[in-house]
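Visitor: compute the structure for the input listed below.
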Amino acid sequence: MNEITLFQSGDGWLARYSGPCREEIVRLFETDTIPTAYTRDIDLNVLVRTIKAGHPGYVVTVQIG
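Guide: Numbers count the residues shown, from 1 in each chain. The predicted structure follows:
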């Protein structure tokens with residue numbers, strides 16, 4: 001199962017990929033964690049909904065703290 005874990009860093013949100021998709025993400029970006037286009041100011045529900053819409057079939061979770 002492909003998963004994305006969202007977490008805050010600095011002023012924005014990062015996405016950490018895991019599951020079968022991780023290998024391709026690391027091949028492309030040399031890391032499993034990439035920045036999203038969203039700042040801390042985005043509503044959390046909007047963030048999750050937007051990421052899910054762009055990644056059908058992925059499980060999206062949020063790590064707080």
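Visitor: and residue 24, backbone torsions?
Guide: phi -70, psi -40 (degrees, to the nearest 10).
Visitor: what sits against it?
Guide: Contacts for residue 24 (CB atoms under 8 Å, 6 or more residues apart in numbering) come out as none. The way it works is simple: take the backbone N, C-alpha and C, and place the C-beta from them, glycine included.
Visitor: roughly how far does it sit from residue 56?
Guide: Remark: distance between residue 24 and residue 56 (CB to CB, to the nearest Å) = 16 Å.
Visitor: cool, and residue 50?
Guide: Separation of residue 50 from residue 56 (CB to CB): 13 Å.
Visitor: can you tell me what sits against stretch 1-15?
Guide: 16-21, 33-36, 38-40, 42, 47-48, 51, 55, 57-64.
Visitor: the more surrounded of residue 50 and residue 56?
Guide: Neighbour comparison, residue 50 and residue 56: the larger count goes to residue 50, with 16 against 6 (by other CB atoms under 10 Å).
Visitor: number of residues surrounding residue 20?
Guide: By the criterion of other CB under 10 Å, residue 20 has 10 neighbours.
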